[in-house]
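**Q** What follows is a predicted structure for the sequence shown.
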Amino acid sequence: MIKPIGDRVVIKVVEREEKTASGLFLPDTAKEKPQEGEVVAVGTGKVVGNAIVALDVNAGDRIIFSKYAGTEVKYDGVEYLILRESDILAIVEK
Amino acid sequence: MIKPIGDRVVIKVVEREEKTASGLFLPDTAKEKPQEGEVVAVGTGKVVGNAIVALDVNAGDRIIFSKYAGTEVKYDGVEYLILRESDILAIVEK
Amino acid sequence: MIKPIGDRVVIKVVEREEKTASGLFLPDTAKEKPQEGEVVAVGTGKVVGNAIVALDVNAGDRIIFSKYAGTEVKYDGVEYLILRESDILAIVEK
Amino acid sequence: MIKPIGDRVVIKVVEREEKTASGLFLPDTAKEKPQEGEVVAVGTGKVVGNAIVALDVNAGDRIIFSKYAGTEVKYDGVEYLILRESDILAIVEK
Amino acid sequence: MIKPIGDRVVIKVVEREEKTASGLFLPDTAKEKPQEGEVVAVGTGKVVGNAIVALDVNAGDRIIFSKYAGTEVKYDGVEYLILRESDILAIVEK
Amino acid sequence: MIKPIGDRVVIKVVEREEKTASGLFLPDTAKEKPQEGEVVAVGTGKVVGNAIVALDVNAGDRIIFSKYAGTEVKYDGVEYLILRESDILAIVEK
Amino acid sequence: MIKPIGDRVVIKVVEREEKTASGLFLPDTAKEKPQEGEVVAVGTGKVVGNAIVALDVNAGDRIIFSKYAGTEVKYDGVEYLILRESDILAIVEK
């Protein structure tokens, strides 16, 4: 598997269904459109002052992240994205 | 629900009534026009030196924020904005 | 009322009388012209190393601030400006 | 041998096989294409607050790194790349 | 009086006599020409790590400062300049 | 002798033999070509958090450094280069 | 005298003799040409983490500094240069 370093996470991008009950998702063009993903693996932690602390996301979390963030990698025929935790905006709870 | 990460908050934008008792709101064009919102969810906290401390806003707070800040997301047909706490200028107390 | 966040303050701008005993105020054009205001409300404090400490200004203080700083807001028909404490240059003592 | 300083690592670049079971690796052109390498030597550590702590990678690790990072060196007829640990995205575990 | 905030100082600019015993002051054009002033009031201190410490200048000090630094203010018909302590290069001792 | 300040080191540049057993050194043009040198003197140390700690290189070390780093000085007819330790990539061990 | 603030030093520039036993000093044009000076006065110290520590240079030291650094001042008919300690590369020991 791919084990991210430090404050990085490996995710699989989730294609969102554009049509919801209230219609199409049409974001204001002046603002950045985010994307959804599922966390596959998390790094050992981030620096907070003098310590390294665990990340706020865990494997299995469904997340929203900044669209242009991260680096694409392919492993065993599957595409992943490696992000820094700071590129993750929120966890979508089920 | 959407659970923001770290120092982020999820808000719903509130359209302000432009007309007040004293007339139209006409801000000086050389300055940024802020917007109002209601806090829906807050992150786990922000870094202060060596510690992570709770945010200064809570769910339910009516806030003023910088107009061009944040990322729009749609969840269950409702539009939200994900901001960093530092994009929040003030709490409007009722 | 409007309660500023963190190191921010809410002020009311004070129009200065341009004519003084010694004549018109004519600042050197190569330097920034400041403005006066009165502090209406102050945030919970600013970060100093590992701690959050109280601001150096209080409600009621007459201050001088950088002219282009801050964000204008209107509340109950009155215009205010939300500044960071670092945009405040000095307190004018009576 | 080449002994990197501080938070640096010496790696040998690994040419990836472009063809996998699922076909060619074709990354989205808007995102950076990473590269693989094998760690040959690691520095004495990185600064975390007031301390210097060991790196998260070790000699022998297979890693993914940002494509344009690092400095090429040749030693005893072999080409190496010297990177900072922060240019390493993840460890590929066998 | 004007009471500066934090690491700021209020000074009165002193016009230097250009002609000295050794002739005119003709600085190398590639370097910045400094100015002299007298400190009128000092702020409560500057941040050093986790603490706020007193400034290195006091009211009454004759100082040299960077020419384009500071903000001009007029108070009771007198012109002052508000600087950050870091814009002060040296104290001229009598 | 020349005694470098803080995190600086004084080196003598070593001209590398371009031809090795495996042929000419031809680095990828998109990457920076490093240079070799020998450490002649080291500064008193670098800042790590609240402390000043000894450098990772010592007089006599053979090092690889970033090509365009440093300042040339001539002393007693010999040319030296003064670098910051952070411009040193690695020590070449004999 | 001129007493520099904080991490600053006052120096007198020393014109170097361009011709040495090995001939003219002809630095590589891609690198910055440094200058020599003698330290006349030093500031109270520099910030290292939470403390202010003494500078690494003392009055009387012969130093090498970055050519374009500093601010020229004239005092009692003598020209000086005020530098930050970080602009000093090395001490030339006699």
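**A** Structure received. Numbers count the residues shown, from 1 in each chain, chains lettered A, B, ... in the order given.

**Q** going forward, measure contacts and count neighbours with C-alpha atoms only.
**A** Will do.

**Q** Identify the bridge partners of the nearest residue to residue A:70 once chain neighbours are set aside.
**A** Nearest residue to residue A:70, sequence neighbours excluded (CA to CA, 6 or more residues apart in numbering or on different chains): residue A:83, at 4.5 Å. The partner list for residue A:83 in beta bridges (DSSP bridges) reads residue A:9.

**Q** pLDDT at residue A:83, what is it?
**A** Reading off the confidence values, residue A:83 has pLDDT 96.

**Q** Residue A:20 now?
**A** Predicted confidence (pLDDT) for residue A:20: 44.

**Q** residues near the residue nearest to residue A:70, how many?
**A** The number of residues packed near residue A:83 is 23, by other CA atoms under 10 Å in any protein chain shown.

**Q** which residues sit in contact with it?
**A** By CA atoms under 8 Å, 6 or more residues apart in numbering or on different chains, residue A:83 lies in contact with A:8, A:9, A:10, A:11, A:69, A:70, A:71.

**Q** Quick check: bridge partners of the last one?
**A** This means residue A:71. residue A:82.

**Q** burial measure for it, as a count.
**A** A total of 21 residues lie near residue A:71 under the criterion other CA under 10 Å.

**Q** and what of the third one?
**A** One way to gauge burial is a neighbour count; for residue A:10, by other CA under 10 Å, it gives 29.

**Q** Look up the closest residue to it, ignoring the ones flanking it.
**A** Leaving aside its sequence neighbours, residue A:10 sits nearest to residue A:82 (CA to CA, 6+ apart; 4.6 Å).

**Q** Next one: that neighbour from residue D:64, what distance?
**A** 10 Å (CA to CA, to the nearest Å).

**Q** who touches both of those two?
**A** residue D:89.

**Q** Tell me if I am right that residue A:86 is in a strand.
**A** No. Under DSSP: H, G, I helix; E, B strand; the rest coil, residue A:86 falls outside any strand and is assigned helix.

**Q** what's the straight distance from one end of stretch A:79-94 to the other?
**A** End-to-end span of stretch A:79-94 (CA to CA): 24 Å.

**Q** list the buried ones in that stretch?
**A** Within stretch A:79-94, the residues that count as buried by 16 or more other CA atoms under 10 Å in any protein chain shown are A:80-92.

**Q** Centre of the chain to that stretch, how far?
**A** 2 Å (CA atoms, centre = their mean, to the nearest Å).

**Q** Same check on stretch A:57-75?
**A** Put simply, stretch A:57-75 sits 3 Å off its chain's centre (CA atoms, centre = their mean).

**Q** The residue nearest to residue A:48 when sequence neighbours are not counted: how many residues sit nearby?
**A** Leaving aside its sequence neighbours, residue A:48 sits nearest to residue B:50 (CA to CA, 6+ apart; 5.7 Å). Residues near residue B:50, counting by other CA under 10 Å, number 15.

**Q** Now do the contacts for the closest residue in space to residue A:4 that isn't next to it in sequence.
**A** Among residues not flanking residue A:4 along the chain, residue D:90 sits closest, at 3.9 Å (CA to CA, 6+ apart). By CA under 8 Å, 6+ apart, residue D:90 lies in contact with A:2, A:3, A:4, A:5, A:8, D:63, D:64, D:65.

**Q** Closest residue of chain A to chain E?
**A** residue A:49 (12.2 Å; CA to the nearest CA).

**Q** where does that residue sit relative to residue C:46, distance-wise?
**A** To residue C:46, residue A:49 is 17 Å away according to CA to CA.

**Q** mind checking which helix or strand of chain A has the lowest mean pLDDT?
**A** Ranked by mean pLDDT, DSSP states H and E, the weakest helix or strand in chain A is strand A:23-24, scoring a mean of 42.

**Q** so what does whichever helix or strand comes after it touch, helix or strand wise?
**A** Using DSSP states H and E, the helix or strand that follows strand A:23-24 in sequence is strand A:35-42. Counting contacts by 3 or more CA pairs under 8 Å, 6 or more residues apart in numbering or on different chains; DSSP states H and E, strand A:35-42 packs against strand A:2-4, strand A:8-14, strand A:62-65.

**Q** Toward the C-terminus, what is the element adjacent to strand A:35-42?
**A** strand A:46-48.

**Q** So what are the sheet partners of that next one and their directions?
**A** Here, using DSSP bridges, strand A:46-48 pairs with strand A:51-53 (antiparallel).

**Q** How far does the strand it pairs with sit from its chain's centre?
**A** On CA atoms, centre = their mean, the centre of strand A:51-53 falls 21 Å from the chain's centre.

**Q** So what's the model's average confidence on it?
**A** In the prediction, strand A:51-53 has an average pLDDT of 93.

**Q** Next one: residue A:45 from residue B:49, what distance?
**A** 17 Å.

**Q** Residues of chain A that sit close to chain D?
**A** Residues of chain A that fall close to chain D, judged by CA under 8 Å from any CA of the partner chain: A:1-6, A:8, A:47, A:49-52, A:68, A:70-74, A:76-77, A:82.

**Q** Which positions in chain A make contact with chain G?
**A** Checking chain A against chain G by CA under 8 Å from any CA, there are no hits.

**Q** which residues does the residue of chain A found nearest chain C contact?
**A** Using CA to the nearest CA, the closest approach of chain A to chain C is made by residue A:49 at 8.7 Å. Residue A:49 sits next to B:49, B:50, B:51, D:48, D:49 when contact means CA under 8 Å, 6+ apart.

**Q** Now it: closest residue in space, sequence neighbours ignored.
**A** Nearest one to residue A:49, counting by CA to CA, 6+ apart, is residue B:50 at 4.0 Å.

**Q** give me every residue that touches that neighbour.
**A** A:48, A:49, A:50, A:51, C:50.

**Q** Check residue A:89 too.
**A** By CA under 8 Å, 6+ apart, the neighbours of residue A:89 are A:63, A:64, A:65, A:66, B:4, B:5, B:8, B:82.

**Q** burial count for the second one?
**A** Here the count is done by other CA under 10 Å, and residue A:64 has 24 residues near it.

**Q** Can you tell me who the residue nearest to it when sequence neighbours are not counted pairs with across the strands?
**A** Spatially, and ignoring its direct neighbours in sequence, residue A:64 is nearest to residue A:36 (4.5 Å; CA to CA, 6+ apart). Under DSSP bridges, the beta-bridge partners of residue A:36 are residue A:14, residue A:64.

**Q** Hmm, residue A:62 and residue A:36 touching each other?
**A** Yes. Here residue A:36 reaches residue A:62: they are 7.1 Å apart, a contact under CA atoms under 8 Å.

**Q** Please pick the buried ones from the residues of chain A next to chain D.
**A** Buried members of the residues of chain A next to chain D, scored by 16+ other CA under 10 Å, are A:2-6, A:8, A:49, A:70-74, A:82.

**Q** which one among these gets closest to residue B:56?
**A** Nearest to residue B:56 among these is residue A:49, at 20.3 Å by CA to CA.

**Q** so how far is the first residue of stretch A:45-52 from its last?
**A** Stretch A:45-52: ends 6 Å apart by CA to CA.

**Q** any idea how far that stretch is from the chain center?
**A** Distance of stretch A:45-52 from its chain centroid, counting by CA atoms, centre = their mean, is 20 Å.

**Q** Was I right to think residue A:73 contacts residue A:13?
**A** No. With contact defined as CA under 8 Å, residue A:73 does not reach residue A:13; the gap is 11.7 Å.

**Q** which residues do those two both contact?
**A** Joint contacts of residue A:73 and residue A:13 (CA under 8 Å, 6+ apart) are A:80, A:81.

**Q** follow-up on the earlier one: mean pLDDT added to the helices and strands packed on strand A:35-42, as CSV?
**A** Formatted as CSV, these follow (pLDDT from 0 to 100):
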stretch, mean pLDDT
strand A:2-4, 95
strand A:8-14, 95
strand A:62-65, 95
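
**Q** Right, I'll call it a day here.
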